[in-house]
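Participant: Sequence below, structure please.
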Amino acid sequence: MLLSNPNENEVEVTLIGTGGGYGETLLLKIGKDDWVIIDSCINPNNKTPLSLEYLKKIGVDYSSVKLVICTHWHNDHILGLGEVLKVCENAEFAFSAVSDLKKFLRLCGLDEKKYHKGSISSTTEFSKCIDIVTSKGAYCKKAMHDMLLLRADFKGLNFELYSLTPSPKTVADFETELSELISEFGSRNTAVIKKSPNEKSVALLLKFGEHRVLLGADLESGKSDDEGWRFIANKSNVLDSVKSKLFKVPHHGSKSSYLPKIYEEIVEKNSILKIAPFANSKLPKIEMLEIFESHSENIFLTSNQNVSKKPKKRDKSIEKIIDRSILNISEVKFIPGIIQSRLDLSLPNPIWKTELFENAFKYKS
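Facilitator: Got it, this is the predicted structure:
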């Protein structure tokens, strides 16, 4: 089956994955023709963001993109996001809330300086995004819990996209973490940020009519009821009695992002579960896929976890950087896969229809 443009009555939720280190991106089509791009990854062969490649293939003009969201600043979720913002001129930019943006941008600046010396950067792409938004004379949306990011109306139906995180505690804790990270940069030779931004990920909820879609980014379960998925399950004010029938599983299906209460109370039994594997970390594990199977018969992965054990030949200076900053390295193959789900609102009882492209497949144990 060939990729095609959805009709005006169709809602779309499409996950594109790459098999691992090249990342993942998510696209939403709501209303008549309003598109949202969530996170970014690139085609390593031509450096083009896969979200843009996808929109071009299905014949969607980039002017239709109304919102670009950076859920967090891990490289597998942000590469190419600057280019996305550049060409999608009508799009607003939303990212995980930080209590002191100036301090965070200072961290980005320090990170970028070491990046130009050959180290590995986590925030350089984010800096590009801020610069592009500023050059447009626009402003950024700092996503936080229970925040309405986008609304669209179509034929009397209201579409609402909410950010469910970060929680107030997470935002406050990041203020202290920023100070620690900035002070540590002076003595470090590499720009690897040792504290994970996963806990600050922006999980999202799409609501329209009697339909709900839950999008998990890389959000962890949380250490307390004031963090992560535990915060959402116990304290979110935008969740209601309607359960989600489509769930983008967080953090590549990892154990650390799994909270049973989400699947028991917020996600419908046998819902569509979408997973983008991460080969370097060998995610998802078989034991987690078995757990997901206890919740749904409709598990879709963008690709298998294929890792080449034969590394590329590199310049000696680059090898030294790798040796200093990473314990081991395997070459990740670029294995793109697309999980496209559409729901036709013109039908009397619309249900999600999922199509698979390239290397995506339905999981069966």
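
Participant: Moving C-terminal from the helix or strand where Lys207 lies, which element do we reach first?
Facilitator: For Lys207, the host element (DSSP states H and E) is strand 204-208. Remark: after strand 204-208, the chain's next helix or strand is strand 211-215, criterion DSSP H and E.

Participant: Output the contacting helices and strands for the helix or strand following that next one.
Facilitator: Counting by DSSP H and E, the element after strand 211-215 in chain order, helix or strand, is helix 228-235. With contacts taken as 3 or more Cβ pairs under 8 Å, 6 or more residues apart in numbering; DSSP states H and E, helix 228-235 sits against helix 168-185, helix 260-261. To be clear about C-beta, it is placed using only N, CA and C from the backbone, and glycine gets the same treatment.

Participant: Now tell me what touches the following helix or strand past helix 228-235 from outside.
Facilitator: As assigned by DSSP H and E, the chain's next helix or strand after helix 228-235 is strand 244-248. Residues outside strand 244-248 that contact it (Cβ atoms under 8 Å, 6 or more residues apart in numbering): 13, 15, 26, 205, 211-217, 266-268, 271-274, 341, 351-352.

Participant: Can I get the buried ones among those as something I can paste into PyMOL?
Facilitator: Listed next is the PyMOL selection for buried residues among these, using 16 or more other Cβ atoms under 10 Å:
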select buried, resi 13+15+26+205+211+212+213+214+215+216+217+266+267+268+271+272+273+274+341+352
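
Participant: Would you state the helices of the stretch 1-150 of the chain in chain order?
Facilitator: 50-57, 75-78, 81-87, 101-115, 124-135 (DSSP state H, counting those that start in this stretch).

Participant: As CSV, could you dump the C-alpha coordinates of the first one?
Facilitator: Once side chains and other backbone atoms are set aside, the C-alpha atoms of helix 50-57 remain, and they are given as CSV (Å, rounded to 0.1, in the frame of the first residue of the first chain):
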residue,chain,number,x,y,z
LEU,A,50,11.8,12.1,8.6
SER,A,51,8.7,14.1,9.6
LEU,A,52,9.3,16.4,6.6
GLU,A,53,10.0,13.5,4.3
TYR,A,54,6.7,11.9,5.4
LEU,A,55,4.6,15.1,4.9
LYS,A,56,6.2,15.6,1.4
LYS,A,57,5.4,12.0,0.4
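
Participant: Any regions of the stretch 101-250 of the chain where pLDDT drops low?
Facilitator: 101-123, 175-197 (pLDDT under 70).

Participant: Quick check: can you name the pairing partners of the strand holding Lys207 and their directions?
Facilitator: strand 157-163 (antiparallel), strand 211-215 (antiparallel) (DSSP bridges).
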